[in-house]
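A.B. asks: okay, predicted coordinates and the sequence, questions at the end:
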Amino acid sequence: YLAQIFDVDYVVIDKLGSLITQAETLALYVKGDIVPNMSYDLKGTPCDGVMNGKLCVHPSGVQQLFPDDLLLVEMQVESYAGLPLWNTTGEVIGLIAVMDTKPMKDISFITAILQLVATSVSAELERQRSEQALIDSHHFLKQIINTLADPVFVKDRQHRWVLLNQTFCDFIGYSLEELHGKSDYDFFPKEQADIFWEKDELVFSDCGENTNEETFTDASGNVRTIITKKTCYTDSKGQPFLVGIITDITERKRMEDELAAREQQFRVLAETLPSPVFRFDKDCRRIYVNPIAEKISGNTAAELLYK
């Protein structure tokens, strides 16, 4: 469109590259065709001045002004007009330029139209950059939480999972695709889901933090004991989200229950023996005496313990 209005051979829209010394074309019109995008070094080119925030207009002799720019020679460019693209914070994010193999005549008309077009192009470029930044941020966040060894989940105000790490999926026993957008009631027994919902509501209502020991049944039917720490996060739009991290204490609870059972067995046996029984800690202090020991010594357990 611009090429037709200005009767020029080249139109280019650039953005700054990953390196500040480079530019990447977003649209490149060459003599009637849209050609594949490319990257190039800014140094020694007329575009370098534009990327530094300057309006650069060279109605003729541009090759002589920038002798190190071999692309100008290759494309037989004689004239150049370029305008920087600004974002809303006043930062140069790209440029728009037209070039021709013959001298440009009506420079005032060309620059006036470029300024009008640049406003729309800048807005679109900034929108694309914002969208890409959001995508990159989300991808980075997913990478971070996927490196965590503990299951991590995020729920929206409707108690639906909106972000999960792979450890959570493996722990629950379902894929990310199965879990995303669903709630506890889709996977757990009602009595367990009721507890999860109740604790979640406490976090949402108080915008605080909750730590709770809970049990749940995974996809294989195994009942696990977990400690879930939940907190509320409110985004820039005022939408609340619940962020939770799970610690699996199933094995610890199993060992604690086993130790408690063994302790009970020991006490039943010790308290029925006809001989005195003592138990000592690592500092050789008595931590248990059976009834026969009390009787023979003539002292109560309170008088004998921890001595």
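C.D. replies: Received the coordinates, thanks. Residues are numbered from 1 along each chain as shown.
A.B. asks: what distance separates stretch 18-36 from the centre of its chain?
C.D. replies: 31 Å (C-alpha atoms, centre = their mean, to the nearest Å).
A.B. asks: that stretch - what's its average pLDDT?
C.D. replies: Stretch 18-36 shows a mean pLDDT of 89.
A.B. asks: got it, and stretch 148-159?
C.D. replies: 93.
A.B. asks: now do it: distance from first to last residue.
C.D. replies: Its first and final residues considered, stretch 148-159 spans 22 Å by C-alpha to C-alpha, to the nearest Å.
A.B. asks: that stretch: which residues count as buried?
C.D. replies: 151-156, 159 (16 or more other C-beta atoms under 10 Å). All C-beta atoms are positioned from the backbone trio N, CA, C, and that covers glycine.
A.B. asks: host element of residue 247?
C.D. replies: Using DSSP states H and E, residue 247 maps to strand 240-248.
A.B. asks: what packs against that strand?
C.D. replies: strand 152-155, helix 166-172, helix 190-206, strand 223-234 (3 or more C-beta pairs under 8 Å, 6 or more residues apart in numbering; DSSP states H and E).
A.B. asks: kindly reformat those as JSON lines containing distance to residue 42.
C.D. replies: Shown next, in JSON lines, are those (distance: least, C-beta to C-beta, whole Å):
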{"stretch": "strand 152-155", "distance to residue 42": "42"}
{"stretch": "helix 166-172", "distance to residue 42": "41"}
{"stretch": "helix 190-206", "distance to residue 42": "51"}
{"stretch": "strand 223-234", "distance to residue 42": "41"}
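A.B. asks: tell me the most buried of the ones you listed?
C.D. replies: Counting by mean count of other C-beta atoms under 10 Å, strand 152-155 has the highest mean neighbour count of these, with a mean of 21.
A.B. asks: how far out from the middle of the chain is whatever helix or strand comes next after that one?
C.D. replies: Using DSSP H and E, the helix or strand that follows strand 152-155 in sequence is strand 161-164. Relative to its chain's centre, strand 161-164 lies at 12 Å (C-alpha atoms, centre = their mean).
A.B. asks: stretch 95-111 now?
C.D. replies: With C-alpha atoms, centre = their mean, you get 44 Å for stretch 95-111.
A.B. asks: stretch 127-138 too?
C.D. replies: On C-alpha atoms, centre = their mean, the centre of stretch 127-138 falls 12 Å from the chain's centre.
A.B. asks: contacting residues around it?
C.D. replies: 15, 87, 93 (C-beta atoms under 8 Å, 6 or more residues apart in numbering).
A.B. asks: now these: which count as buried?
C.D. replies: Here, 16+ other C-beta under 10 Å leaves 15, 93 buried among the contacts of stretch 127-138.
A.B. asks: got the buried residues for the helix or strand bottoming out on mean pLDDT in the chain?
C.D. replies: Lowest on mean pLDDT, DSSP states H and E among the helices and strands of the chain sits helix 2-6, with a mean of 80. Neighbour counts over helix 2-6 (16+ other C-beta under 10 Å) mark 2-3, 6 as buried.
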